[in-house]
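S.K.: heads up, no residue letters with this:
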């Protein structure tokens, strides 16, 4: 017997605040039932001696040395700033308190 019923699909629609037409309920009932059946089949085959994996191929990060490059001068950094005090950016307070 199917685990997914039209009433369950309507209930899920209400919970997720999605208004579903009768045609959508019918379509989703079949699609969700197929998904649940597929998951059940995989669960039957999966055994405890098979390790869980997130990728079929091992992933390896490629790192490079962190070498600092040419740096901007203070004047270059602040040249396009809308407002500065000569040594740092000046911005509007965002917490409602002037410092």
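M.R.: Yes, it's here. Keep in mind it's a predicted model, so treat the numbers as computed, not measured.
S.K.: in this structure, which helix has the most residues?
M.R.: helix 22-45 (DSSP state H).
S.K.: hmm, who's touching whichever helix or strand comes after that helix?
M.R.: For helix 22-45, the following helix or strand on the C-terminal side (DSSP states H and E) is helix 74-78. By CB atoms under 8 Å, 6 or more residues apart in numbering, the residues outside helix 74-78 that reach it are 84, 86-89. C-betas here are computed from N, CA, C, even on glycine.
S.K.: filter the residues you listed to the buried ones?
M.R.: Buried members of the contacts of helix 74-78, scored by 16 or more other CB atoms under 10 Å: none.
S.K.: Pick out the most distant pair among these.
M.R.: Maximum pairwise distance among those (CB to CB): 10.7 Å, between 86 and 89.
S.K.: From residue 34, how far out is residue 63?
M.R.: 43 Å (CB to CB, to the nearest Å).
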